[in-house]
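J.: here is my input, please return the structure:
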Amino acid sequence: MAHFEAATKLAPNFAEAYSNMGQVMLDQNKPAAALDYFEQALKLNPKLAVAEVNSAAAHFSLQHLDVALTHLRNAVAIQPDYPAAHAMMGDIYLAQHQPEDAVKSYRLALTQILRVNPRFPTAYRALANAQLEAGRPADAIDTYDTALRAIPNDASLHRGLGLVFEKTNQHAEAAQHYVRALELNPNDTEARQHLENIRRQIKSGK
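T.: Numbers count the residues shown, from 1 in each chain. As a prediction, this is how the structure comes out:
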């Protein structure tokens, strides 16, 4: 923090320094304090997309969802290919119980991420989760299948696909993916708990 403060003293119109100080405040779980720095950064440079996204993160933390969305829309107007902005839009739309809008935002984020990193499971999981929330489990399964073709040995993807199968009462398929998740990560307690639950249901004939 001290070196960012020193930067603002040496160059008081250096917007990035204020944005960086705001990020420090966010990292310290002080979103209200962070907003003061992001506001100053945007006064100095209204086209600083990262400050818009970080402002959105602070407002999201404070549950100011509509304000957060405004900042994110500003960010993508400045920088359309900003995956973090689209992903956070998806998070907010889910919080607002708008899963179809979340699907659109996560899909944009995933498309942009894949251009630079085809092995990024978090983006696939976010999209699949939104598709499941939107009542589209078949699409969620397709998303996980696509992800596993690119990243076949990711335990979190096998666990996620297992959850979709479990929620759609496809217990044999769910168990198969939970087992694979545990082979890849024996410490995956969520996969273990769900696998044990399925085995109990199968044993009881439910």
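J.: report the contact partners of Gln79.
T.: 49, 85 (C-beta atoms under 8 Å, 6 or more residues apart in numbering). All C-beta atoms are positioned from the backbone trio N, CA, C, and that covers glycine.
J.: now swap in Tyr37 and tell me
T.: Going by C-beta under 8 Å, 6+ apart, Tyr37 touches 18-19, 21-22, 25.
J.: now these as JSON lines including secondary structure, distance to Gln96 and neighbour count?
T.: Shown next, in JSON lines, are the contacts of Tyr37 (DSSP: H, G, I helix; E, B strand; the rest coil; distance: C-beta to C-beta, whole Å; neighbours: other C-beta atoms under 10 Å):
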{"residue": "Tyr18", "secondary structure": "helix", "distance to Gln96": "29", "neighbour count": "27"}
{"residue": "Ser19", "secondary structure": "helix", "distance to Gln96": "26", "neighbour count": "25"}
{"residue": "Met21", "secondary structure": "helix", "distance to Gln96": "30", "neighbour count": "23"}
{"residue": "Gly22", "secondary structure": "helix", "distance to Gln96": "24", "neighbour count": "28"}
{"residue": "Met25", "secondary structure": "helix", "distance to Gln96": "25", "neighbour count": "20"}
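J.: tell me the one of those nearest His171?
T.: Nearest to His171, judged by C-beta to C-beta, of these is Met25 at 46.8 Å.
J.: nearest residue to that closest one in space, please, no chain neighbours.
T.: With sequence-adjacent residues excluded and distances taken as C-beta to C-beta, 6 or more residues apart in numbering, Met25 is closest to Ala34, at 3.6 Å.
J.: quick check: the one you found vs Gln131, distance?
T.: 32 Å (C-beta to C-beta, to the nearest Å).
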